[in-house]
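J.: could you look at this predicted model? Sequence included:
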Amino acid sequence: MEAWHDFFVAEVGAAAALAGLLFVSLSVNQDRVLKYAGLPERGMQALSSLFLVFALATLALAPEHSPSSFGATALALVLFQTAILSWLQIKSARATNAAARRRTLASLVVGQAASWAFLIGSAFVLIRDDWAGLVWYPAGVILAFGFAGAVSWVLLIEINR
């Protein structure tokens with residue numbers, strides 16, 4: 001786990017900073033966000049993805065845990081977040097028309113892909129009882145940050161066009 005220390009330190013800070021920017025996006029355009037069906041849920045999906053990165057990186061930085069205990073806890077966090085993300089995505093899709101659903105499909109796929117990368121990595125850490133599964137985490141981080149960044153862009157810039 002020592003080899004991953006700097007990665008997780010960086011991701012805790014980056015996830016917290018991006019979550020702060022997302023909160024700014026939501027608060028600056030709160031009235032407009034609330035006018036569009038499904039948009040508040042998209043903001044919450046992005047926050048959920050950033051919180052997962054933050055939580056997993058924080059968990060990884062906790063001292064003295066075995067791969068299996070980390071894997072089990074991480075897997076529980078990922079499953080919980082994936083359930084919330086799926087519920088928010090279904091709620092958002094139901095609130096919008098067919099054209100809006102098509103426009104947001106790629107974003108939703110990226111959000112789910114991030115969760116699945118963490119799910120696969122956490123399952124490997126748990127099952128194999130070693131840290132090798134962590135190789136999936138950078139992909140999850142990149143996808144989660146990309147997803148949250150795209151949603152933040154919509155909430156801050158696109159909503160004002």
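T.: Received, thanks.

J.: contacting residues for the residue nearest the centre of the chain?
T.: Nearest to the mean C-alpha position of the chain, by CA atoms, centre = their mean, lies Ser49 at 1.4 Å. Taking CB atoms under 8 Å, 6 or more residues apart in numbering as the criterion, Ser49 is in contact with 81, 85, 111, 114-115, 144, 147-148. C-betas here are computed from N, CA, C, even on glycine.

J.: now tabulate these in CSV and tack on secondary structure, neighbour count and pLDDT.
T.: Output for those, formatted as CSV (DSSP: H, G, I helix; E, B strand; the rest coil; neighbours: other CB atoms under 10 Å; pLDDT from 0 to 100):
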residue, secondary structure, neighbour count, pLDDT
Gln81, helix, 22, 92
Leu85, helix, 22, 83
Gly111, helix, 28, 80
Ala114, helix, 28, 92
Ser115, helix, 24, 92
Ala144, helix, 30, 94
Phe147, helix, 27, 88
Ala148, helix, 28, 90
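
J.: element containing the residue nearest to the centre of the chain, please.
T.: Ser49 belongs to helix 39-61 when elements are defined using DSSP states H and E.
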